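J.: Here you go, sequence then predicted model.
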Amino acid sequence: MTFDQITLENGLRIIGERIPHFRSVSVGLWLGAGSQFEAADESGVSHFLEHMVFKGTEKRTARQIAEEMDAVGGQLNAFTAKECTCFYAKVVDEHLPLAMDVIADMATHPAFDPNEMEKEKGVVIEEINMAEDTPEDLVHELLMLAHYGDQAVSRPILGTEASVSGCSREKLAGYWGRMYRPQNAVLAIAGNYEWQAVLDLAKSLLGDWRAEGLDKLPCVTRAAAPTVVTREKDIEQIHICLGYPALPMGDERNYDIAIFNSVFGGAMSSRLFQKIREESGMAYTVYSYPNAYTDSGMLSVYAATSPENAAQVYDMILKEARGIAETGMTEAEFAMAREQLKAGYILGLESTSARMQSNGRRLLLMDATRTESETIDRINAVQYDAVNALMRETLTAPNSVALVGKGVEKIAKQIG
């Protein structure tokens, strides 16, 4: 499988993966705009901007945007992450021109109606409150602060109630003008399409897109001393998160991390799940996962348990981390985890949406492509000794901690 790929004269990169036996097609416009690129007084502006783009353009109202996509049975959505924003749609192949037209219109001609802005601030603030009331989400946000300190990467994607309330139209439009530009964007398509028709559409809809912005976006994360961050909540469980320094996006050893994460806490057969849930019965949920950004990375561990068992569960996590770092995983565990990684990758790409997202994200954030066969070859090339060495390096490093629940200050002293 090879990709259709071109860069337009204005700097917009386009990547397509044609799957002719499908009748659907997914298209996404990726922007290098996210909370990682926000100044402290802009916190949440990327996400708020994503919301406002749906509230109308110079030629479409919010209702018209919704009705046009609903009329053809299409799916239209968006998300904001630390380092990117994506507007995407999935439609029957014959409706690709409409999907591209709507997405291009939203991203390049937003209205930023002041009345709609004020209403949408309330919506986003409710979203912030919902995250605050979801302890599993909250503890992961606090872990970023514990691990990175006060840096852009640790600020919440949603922003704060104060930062959203204080966002003016001028600030929103200024950020849009700075970040929403063709040189900072990728148009990704996967499914059934004709490449020349896609090019003609892209040139018609986005070829004249021009915007002034930064030549190179700043994205620098400093190493920070890990610490403990707590949030008191009158809830039944203690939510625990640990963070270990890991690898940035683009480091080939991320396949190694994915394999040892599967053995450590990323699967039902993992050491953490078997020890803490199956053998001890002290937690319903316990897992680990790697998270990579372009200039940093973190391996996170999460568990939720009763206040009486919290300190013991934390100690059990540390014991399993130190134990597997010292003795290494077995060759049987390694072989099973590598097969799990391959299967998860292949099964995860069995939709046009997943392929579009994989290709668009990689091209935007790493300026690179990788085919399915190249990825499988890379996974097959991972070596047992290299995985154990990286696991030892990762799990013996100082870790950060976040705790949410009732009496967490006392628990923090117990584990400190």
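T.: Good, I have the coordinates. Numbers count the residues shown, from 1 in each chain.
J.: so residue 124 makes contact with residue 164?
T.: Yes: at 5.1 Å, residue 124 counts as touching residue 164 under the criterion of Cβ atoms under 8 Å. For the C-beta atoms, the positions are set from N, CA and C on the backbone; glycine is no exception.
J.: any common contacting residues for these two?
T.: Common contacts of residue 124 and residue 164 (Cβ atoms under 8 Å, 6 or more residues apart in numbering): 44, 48, 158.
J.: Helix or strand: which one has the second one?
T.: Under the criterion of DSSP states H and E, residue 48 resides in helix 45-53.
J.: What are the phi and psi values at the closest residue to residue 394 other than its chain neighbours?
T.: Excluding its sequence neighbours, the residue lying closest to residue 394 (Cβ to Cβ, 6 or more residues apart in numbering) is residue 244, at 5.3 Å. In terms of degrees, to the nearest 10, the main-chain angles of residue 244 are phi -120, psi 140.
J.: Can you report how many residues neighbour residue 244?
T.: Residue 244 is flanked by 22 other residues according to other Cβ atoms under 10 Å.
J.: quick one: it from residue 321, how far?
T.: From residue 244 over to residue 321 the distance is 8 Å, taken as Cβ to Cβ, to the nearest Å.
J.: Ok, residue 393 next?
T.: Between residue 393 and residue 321 the computed distance is 12 Å (Cβ to Cβ).
J.: hang on, the earlier thing: okay but the residue nearest to residue 394 is in contact with residue 392, surely?
T.: No: Residue 244 is beyond contact range of residue 392, at 11.6 Å (criterion: Cβ under 8 Å).
J.: Spatially nearest residue to the most centrally placed residue in the chain, not counting backbone neighbours?
T.: Among the residues of the chain, the one closest to the centroid is residue 81, at 5.1 Å (Cα atoms, centre = their mean). With sequence-adjacent residues excluded and distances taken as Cβ to Cβ, 6+ apart, residue 81 is closest to residue 34, at 5.3 Å.
J.: distance of the one you found from residue 295?
T.: Distance from residue 34 to residue 295, by Cβ to Cβ: 13 Å.
J.: Can I have the buried ones of the shared contacts of residue 124 and residue 164 as a PyMOL selection?
T.: Buried members of the shared contacts of residue 124 and residue 164, defined by 16 or more other Cβ atoms under 10 Å, are picked up in PyMOL with:
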select buried, resi 44+48+158
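J.: Pipe the shared contacts of residue 124 and residue 164 into JSON lines and attach distance to residue 385 and pLDDT per row.
T.: Output for these, formatted as JSON lines (distance: Cβ to Cβ, whole Å; pLDDT from 0 to 100):
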{"residue": "44", "distance to residue 385": "44", "pLDDT": "97"}
{"residue": "48", "distance to residue 385": "48", "pLDDT": "98"}
{"residue": "158", "distance to residue 385": "42", "pLDDT": "97"}
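J.: Return the member of the shared contacts of residue 124 and residue 164 nearest to residue 112.
T.: residue 48 (10.6 Å; Cβ to Cβ).
J.: residues touching that closest one, list them.
T.: By Cβ under 8 Å, 6+ apart, residue 48 lies in contact with 120, 121, 124, 159, 164, 167, 172.
J.: again, only using 10 Å
T.: Residues near residue 48 by Cβ atoms under 10 Å, 6 or more residues apart in numbering: 42, 80, 117, 120-121, 123-124, 158-159, 163-164, 167, 171-172, 175.
J.: cool, and residue 62?
T.: 52, 53, 54, 55, 56, 111, 113, 116, 120.
J.: same thing with residue 172?
T.: Here residue 172 is in contact with 42, 45, 48, 49, 52, 110, 112, 117 (Cβ under 10 Å, 6+ apart).
J.: and with 6 Å instead?
T.: By Cβ atoms under 6 Å, 6 or more residues apart in numbering, the contact list for residue 172 reads 49, 112.
J.: For the host helix or strand of it, list the C-alpha coordinates in CSV.
T.: In this structure, residue 172 sits in helix 169-179 according to DSSP H and E. C-alpha atoms of helix 169-179 as CSV (Å, rounded to 0.1, in the frame of the first residue of the first chain):
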residue,chain,number,x,y,z
ARG,A,169,-13.4,37.7,20.0
GLU,A,170,-10.1,39.5,19.3
LYS,A,171,-8.1,36.9,21.2
LEU,A,172,-9.9,34.1,19.4
ALA,A,173,-9.6,35.6,16.0
GLY,A,174,-5.9,36.4,16.6
TYR,A,175,-5.1,32.8,17.6
TRP,A,176,-7.1,31.5,14.6
GLY,A,177,-5.1,33.8,12.3
ARG,A,178,-1.8,32.7,13.8
MET,A,179,-2.4,29.0,13.9
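J.: right, and the helix or strand after it?
T.: Remark: after helix 169-179, the chain's next helix or strand is strand 185-191, criterion DSSP H and E.
J.: Comparing residue 393 and residue 321, which shows the higher neighbour count?
T.: Neighbour count, other Cβ under 10 Å: between residue 393 and residue 321, residue 321 has more, with 24 against 14.
J.: Leaving out sequence neighbours, find the closest residue to the more buried one.
T.: Nearest non-adjacent residue to residue 321 (Cβ to Cβ, 6+ apart): residue 395, at 4.4 Å.
J.: my guess is the one you found meets residue 325, correct?
T.: Yes: when contacts are counted by Cβ atoms under 6 Å, residue 395 is listed as touching residue 325 (4.1 Å).
J.: For the two, indicate the residue with more neighbours.
T.: Using other Cβ under 10 Å, the more surrounded residue of residue 395 and residue 325 is residue 395, with 22 against 18.
J.: Do you know the pLDDT at residue 349?
T.: Looking at residue 349, its pLDDT is 88.
J.: ok, back up a step: ok, now how distant is the residue nearest to the centre of the chain from residue 37?
T.: Residue 81 is 11 Å from residue 37, by Cβ to Cβ.
J.: Residue 295 too?
T.: The gap separating residue 295 from residue 37 is 12 Å, by Cβ to Cβ.
J.: More neighbours: which of the two?
T.: Per other Cβ under 10 Å, whichever of residue 295 and residue 37 has more neighbours is residue 37, with 22 against 15.
J.: residues touching residue 324, list them.
T.: Counted by Cβ under 6 Å, 6+ apart, residue 324 has contacts residue 271.
J.: so how far is residue 277 from it?
T.: 17 Å.
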